[in-house]
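Q: Just to be clear, the model below is a prediction. Sequence and coordinates:
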Amino acid sequence: MLEVQNAKKYFGGVKAVDDVSLTVKRGSITGLIGANGAGKTTLFNVISGFCSLDGGKIFYQGESIGNLPPYVIAGKGIVRTFQTPKGFPKMTVMENMLVFVKDKNSGIWPAISARKKIAQREQEYVLKAREILNHIGMENKENSWVSELSAGELKLLEFVRPLMAEPQVFLLDEPAAGINPANLCGLIDLIQGLSRRGYTFLIVDHNLKFIMSICDFIYVMADGRLICSGVPEEVAHDERVIESYIGKKGTGEEACFPA
């Protein structure tokens with residue numbers, strides 16, 4: 001469904017993404033891990049159009065999307081989240097959800113006027129938004145201002161808002177960061193449920209327990225290159241992966257990779 005072929009991105013003499021190739025299958029939950037500075041976020045930026053490719057190709061459903069603008073890529077059904085979400089702070093949670101409705105008669109202006117009068121169509125979207133918020137334990141926050149949300153709640157909102165537009169591929173950058181365990185369980189259930197319905201995920205996260213428990217397949221980056229790929233159990237016991245995180249073996253820290 002999504003294929004990266006020999007992608008390259010350089011910043012001066014720094015090879016942030018160096019000849020990286022990967023494939024994300026339809027309906028899969030694929031992980032992308034690596035220590036800080038490995039090139040994960042830069043690869044996300046290249047795939048989503050926020051950074052230009054210096055070499056290589058990217059295909060989505062057989063169509064070349066390398067170097068297309070972000071809004072064009074999003075329009076094709078690929079959405080991404082960011083490590084530091086902001087939302088629209090002067091709008092409510094519900095209004096933030098409705099902004100992402102993909103309908104010529106909906107979107108930001110109906111969202112702004114939703115508190116005064118909600119037409120039949122908008123009411124259907126409100127019910128859909130409530131169902132989504134319920135999955136992540138935020139059903140009681142729909143009328144809260146986004147500026148009042150905790151960092152974890154804001155991160156959850158960043159993930160679920162695009163669901164209103166019914167995208168096909170999610171690029172999730174650190175979705176588990178700052179989220180309490182109860183809400184994280186809801187997030188995991190939601191991602192797995194969407195995967196079973198055919199939605200596709202590529203996830204970057206430093207929470208290895210989260211990645212190992214939710215992903216079908218994992219790619220590992222170090223210094224801009226892929227060093228390993230495989231199912232979670234294989235990756236967790238790969239010496240190259242362990243060394244890329246904690247240095248030489250024998251430090252007693254291998255337990256940071258859950259089995």
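A: Yes, it's here.
Q: Just give me how far stretch 41-52 sits from the chain centre.
A: Averaging C-alpha positions (Cα atoms, centre = their mean, to the nearest Å) puts stretch 41-52 13 Å from its chain's average.
Q: List phi and psi for the spatially most central residue of the chain.
A: What sits nearest the mean C-alpha location of the chain, by Cα atoms, centre = their mean, is Leu172, with 0.9 Å. Summarising the backbone geometry of Leu172 under the convention degrees, to the nearest 10, its torsions are phi -100, psi 120.
Q: That one contacts Tyr199, doesn't it?
A: No. Using Cβ atoms under 8 Å as the test, Leu172 is too far from Tyr199 to be in contact (11.4 Å). From N, CA and C alone the C-beta is placed, and that goes for glycine too.
Q: which ones are touching the residue nearest to the centre of the chain?
A: Counting by Cβ atoms under 8 Å, 6 or more residues apart in numbering, Leu172 makes contact with Arg80, Thr81, Phe159, Phe201, Leu202, Ile203, Val204, Asp205.
Q: Run a quick neighbour tally on the fifth one.
A: Spelled out, that is Leu202. The burial metric for Leu202, expressed as a neighbour count using other Cβ atoms under 10 Å, is 25.
Q: same check, this time on the second one
A: Other residues near Thr81 come to 22 when the count uses other Cβ under 10 Å.
Q: Am I right that it is in contact with Pro167?
A: No. Counting by Cβ under 8 Å, Pro167 is not a contact partner of Thr81; they are 11.2 Å apart.
Q: hang on, the earlier thing: in CSV, list the contacts of Leu172 along with pLDDT and secondary structure.
A: Rendered in CSV, the data for these read as follows (pLDDT from 0 to 100; DSSP: H, G, I helix; E, B strand; the rest coil):
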residue, pLDDT, secondary structure
Arg80, 88, strand
Thr81, 86, coil
Phe159, 84, helix
Phe201, 96, strand
Leu202, 97, strand
Ile203, 96, strand
Val204, 94, strand
Asp205, 90, coil
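Q: so how far is Ala177 from Asn96?
A: Using Cβ to Cβ, to the nearest Å, we find Asn96 at a distance of 19 Å from Ala177.
Q: What segments of this protein are strands?
A: Secondary structure of the chain, counting by DSSP state E: strands at 2-11, 14-24, 29-33, 55-60, 63-64, 78-80, 169-173, 200-204, 217-222, 225-230.
Q: Now distance to Leu190 too, for those strands, in a markdown table please.
A: Listed next are the strands of the chain as a markdown table, based on distance: least, Cβ to Cβ, whole Å:
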| stretch | distance to Leu190 |
| --- | --- |
| strand 2-11 | 20 |
| strand 14-24 | 19 |
| strand 29-33 | 12 |
| strand 55-60 | 23 |
| strand 63-64 | 28 |
| strand 78-80 | 15 |
| strand 169-173 | 11 |
| strand 200-204 | 11 |
| strand 217-222 | 20 |
| strand 225-230 | 26 |
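Q: closest to Leu149 out of the ones you listed?
A: The stretch from the strands of the chain with the least distance to Leu149 (Cβ to Cβ) is strand 169-173; that distance is 18.3 Å.
Q: Quick check: the nearest residue to Tyr219 once chain neighbours are set aside vs Leu157, distance?
A: Excluding the flanking residues, the one nearest Tyr219 by Cβ to Cβ, 6 or more residues apart in numbering is Ser229, at 4.7 Å. Distance check for Ser229 against Leu157: by Cβ to Cβ, it reads 31 Å.
Q: Those two: which has the busier surroundings?
A: Neighbours were counted for Ser229 and for Leu157 using other Cβ under 10 Å; Leu157 has more, 22 against 19.
Q: The nearest residue to the more buried one once chain neighbours are set aside: neighbour count?
A: Nearest-residue entry for Leu157: Gly87, 5.8 Å, with adjacent residues in sequence omitted and distances by Cβ to Cβ, 6+ apart. Residues contacting Gly87 under the criterion other Cβ under 10 Å number 20.
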